[in-house]
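Q: let me see the structure of the following:
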Amino acid sequence: ALIRHRLMSIQVVSSQLLTVFLSFFMLVKVLTSSGPVELLINLTIFMAVIAIGIWLVNNVIKEIEQRHKLEEITSELKSANARLKKLDQAKTEFLSITSHQLRTPLSAIKGYLSMLDDGDYGKLTGKQAEVVGILLRNSERLIRLINIFLNISRIESGRLKINKAPNKINKVVTDIIKSLM
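A: Residues are numbered from 1 along each chain as shown. As a prediction, this is how the structure comes out:
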């Protein structure tokens, strides 16, 4: 119990010694009191010193126990943080692998749709051309979305370098609007 609760630490021992020394000093004053009024005053001070001393020792012990609990919690938080970092790394790797796996077949689909749209397999009817155009735009949108996921993965892993350059906001907004239509 002494080791577990750190009752032999320097703070506990010093507060106990201070309490014992002051209590002993006040006990001597009580025993050497010359009159009833002085005896009553010294006895009151003696009782106060004992009460304050007990309170002091208990608070020092509580502080040491709280410090020990805080160290345990800090250790647990460090461990949880390390686990979270591993999970975040696994998520980033999953995002990267999944994005690559999705982009490959989508690129092939986009290629074939583009060939259909260009008439490489024969002329399309009006309705067929409209459907192929919609499919082509949606496949391009999916590929852009997958590229965004890949960029997120690269940003999180520190592999993406951003090259800042001045740009006109009107052109950026127009390009965004066109890509969403």
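
Q: which elements pack onto the top helix by length along the chain?
A: Secondary structure of the chain per DSSP state H: the longest helix is helix 36-118. Helix 36-118 is packed against helix 10-31, helix 126-157, with contacts defined by 3 or more C-beta pairs under 8 Å, 6 or more residues apart in numbering; DSSP states H and E. C-beta here means a position set from N, CA and C on the backbone, and glycine is covered the same way.

Q: flag every buried residue along the next helix or strand after the longest one.
A: With elements assigned by DSSP states H and E, the helix or strand that comes after helix 126-157 is helix 169-180. Residues of helix 169-180 include none that count as buried (16 or more other C-beta atoms under 10 Å).

Q: mean confidence score for helix 169-180?
A: Model confidence over helix 169-180, given as mean pLDDT, is 86.

Q: to Val60, which of the helices and strands packed on helix 36-118 lies closest?
A: helix 10-31 (4.7 Å; C-beta to C-beta).

Q: give me the distance from that closest one to the chain's centre.
A: Helix 10-31 has its C-alpha centroid displaced from the chain centroid by 47 Å (C-alpha atoms, centre = their mean, to the nearest Å).

Q: gap between Ile146 and Met181?
A: 20 Å (C-beta to C-beta, to the nearest Å).

Q: okay, the two: which has more neighbours?
A: Ile146 (19 against 6; other C-beta atoms under 10 Å).

Q: correct me, but that one touches Pro105?
A: No: here Ile146 lies out of contact with Pro105, judged by C-beta atoms under 8 Å, at a distance of 10.6 Å.

Q: point out where this structure drops to low pLDDT.
A: The chain contains residues with pLDDT under 70 at 1-8.

Q: identify the residues contacting the most centrally placed residue in it.
A: Closest residue to the average C-alpha location of the chain: Asn81 at 6.6 Å, with C-alpha atoms, centre = their mean. Listed by C-beta atoms under 8 Å, 6 or more residues apart in numbering, Asn81 has no contact partners.

Q: residues near Leu124, how many?
A: Leu124 has 16 nearby residues by other C-beta under 10 Å.

Q: and what of Lys69?
A: 10.

Q: use 48 as the first number from now on
A: Shifting the count to begin at 48 puts that one at Lys116.

Q: right, I'll leave it there.
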